[in-house]
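Asker: I need the structure of the sequence given here:
(chains A and B)
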Amino acid sequence: MGSISSDSASQVLFGATRRGVLSLLFGQPDNRFYFREILRAVGGGSGAVQRELKLLTEAGLIERDRDGHQVYYTPNRQSPIFEELRTIVEKTAGAAGVLRSAFESFVASGDILVAFVYGSTARGGATPRSDVDVLIVGSVTLADLLPALRAAEARLGREVNASVFPPAEFQTKFRRGNAFVKRVMAEPKILVAGDQHELEGLAR
Amino acid sequence: MSLRDWLDSRWIVRHDPDPAEVAELFGVVTRDLQDAAVPRLSADWRLGIAYNAALQLATMALVAEGYRTGRERAHERTIQSLRYTVGIPQARIDLVDAVRRKRNLINYEHAGTTSDSEAAEFHSAVIALRGDVIDWLRRKHRVLLPPDIDI
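Answerer: Have a look, this model is predicted:
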């Protein structure tokens, strides 16, 4: 059992699309997501995402509600396995979702521009106790970020190792060929703040 | 929780305060804070040196109160003791502890993960901690404060 990674455990339990949908919705259970937001976060075809949402709704695991012309989705807190499912997602596929939620207010205030998980969690080689490595680009200080990081660690049951780089320092280090910055830019990543376009903008 | 509880749990042991030891620790803190500001050193290294200064400041406060930590989890407990010695707010202690953890990783697998910004932020935090420890020593253990200490 020890050799099964949390990420491969989530791969065995859920297919890629279902894992993405559950990670987003159960990683931030207090938020509601519109179909387009889910599609953007999960990736893949809209038919596959729509199918998953329909199945999960019919199974009573998520709820579908209408707000004007828009339809949004939330986890169904009345489901008898809501808490268990949330825990499984957080401990397996949910590291990115938990961090996305933890960084939300810093993203909204503009203090975090881009953040991504790298290392074993992003590569898919993490064990259930692996640390989560996250690189944050923004003006936030480590001191301001610590309460959010500790809360994320408590939810994940894993240590989170954060590095905070101001945008100018990150860009300068990338241009000068800094070994660490070059390596993380070349490695697999899971974006938890910002988008691919902003990330690429930093690596020019 | 108090240092008394820590003593009962054997996390710390009795240790006679000695002005010469405090002066020696101050010397290390001064040296490390200077070295941690040398720009040609890597950010990882500067962070590690500033961390050592913070650790010596916490050790100094514990010594002034008549204790030193046991061998187990010595760094972690020395840092946490700042709450019971100098009365440093937990959020500031958490920053020192976060750097302790970061520093442990840097040594083994995460070379280069410290930014210049993080090293500078922590350097400032340790300078502030030094000021707080000096103020506290002046108020509570004046006899232990080296006479040539500047603020």
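Asker: average model confidence for the strand or helix carrying B:Glu76?
Answerer: Using DSSP states H and E, B:Glu76 falls within helix B:74-80. Averaging pLDDT along helix B:74-80 gives 95.
Asker: got the contact list for it?
Answerer: Under the criterion Cβ atoms under 8 Å, 6 or more residues apart in numbering or on different chains, residues B:6, B:11-12, B:54-55, B:58-59, B:62, B:69-70, B:93, B:96-97, B:100 lie in contact with helix B:74-80. From N, CA and C alone the C-beta is placed, and that goes for glycine too.
Asker: in it, what's buried?
Answerer: Judged by neighbour count (16 or more other Cβ atoms under 10 Å in any protein chain shown), helix B:74-80 contains these buried residues: B:75, B:77-80.
Asker: kindly report the residues of chain A close to chain B.
Answerer: Residues of chain A lying close to chain B (Cβ under 8 Å from any Cβ of the partner chain) are A:131, A:133, A:135, A:141-143, A:146-147, A:149-150, A:159, A:161, A:163-166, A:169-170, A:178-181.
Asker: could you list which of these belong to helices?
Answerer: A:142-143, A:146-147, A:149-150, A:169-170, A:179-181 (DSSP state H).
Asker: and those, which two are furthest apart?
Answerer: A:Pro147 and A:Ala179 (30.9 Å; Cβ to Cβ).
Asker: what about A:Arg64, which helix or strand?
Answerer: Going by DSSP H and E, A:Arg64 is part of strand A:62-67.
Asker: and of the ones in helices among the residues of chain A next to chain B, the nearest to A:Glu198?
Answerer: Closest approach between those and A:Glu198, by Cβ to Cβ: A:Phe170, at 11.4 Å.
Asker: what sits opposite the nearest residue to the closest one once chain neighbours are set aside in the beta ladder?
Answerer: Nearest residue to A:Phe170, sequence neighbours excluded (Cβ to Cβ, 6 or more residues apart in numbering or on different chains): A:Val137, at 5.0 Å. Per DSSP bridges, the residues bridged to A:Val137 are A:Val114, A:Phe165.
Asker: so who does A:Val137 touch?
Answerer: A:112-115, A:164-167, A:170, A:194, A:202.
Asker: repeat that for 7 Å
Answerer: Residues near A:Val137 by Cβ atoms under 7 Å, 6 or more residues apart in numbering or on different chains: A:113-115, A:165, A:167, A:170, A:202.
Asker: write out the residues of chain B neighbouring chain A.
Answerer: Listed as neighbours of chain A in chain B under the rule Cβ under 7 Å from any Cβ of the partner chain: B:94-95, B:98, B:102, B:105, B:110-118, B:121.
Asker: so which of those sit within helices?
Answerer: Going by DSSP H, the helices hold B:94-95, B:98, B:102, B:105, B:116-118, B:121 from the residues of chain B next to chain A.
Asker: report the two of those residues separated the most.
Answerer: Using Cβ to Cβ, those reach their maximum pairwise distance at B:Asp94 and B:Asp116, which is 21.7 Å.
Asker: what's the nearest residue in chain B when you look at chain A?
Answerer: Using Cβ to the nearest Cβ, the single residue of chain B nearest to chain A is B:Gly112, 2.9 Å away.
Asker: need the per-residue pLDDT for the nearest residue to that residue once chain neighbours are set aside.
Answerer: Of all residues not flanking B:Gly112 in the chain, A:Phe180 sits nearest, at 2.9 Å (Cβ to Cβ, 6+ apart). On pLDDT, A:Phe180 comes in at 91.
Asker: if I pick the residue of chain B closest to chain A, what's in contact with it?
Answerer: So B:Gly112 contacts A:178-180, B:44 (Cβ under 7 Å, 6+ apart).
Asker: ignoring the adjacent residues along the chain, who's closest to A:Gly94?
Answerer: Closest to A:Gly94 by Cβ to Cβ, 6+ apart is A:Gly27, at 4.5 Å.
Asker: hmm, the one you found is touching A:Ile88, no?
Answerer: No. Look at A:Gly27 against A:Ile88 with Cβ atoms under 7 Å: they stay out of range, at 11.5 Å.
Asker: neighbour count for those two, which is higher?
Answerer: A:Gly27 (25 against 19; other Cβ atoms under 10 Å in any protein chain shown).
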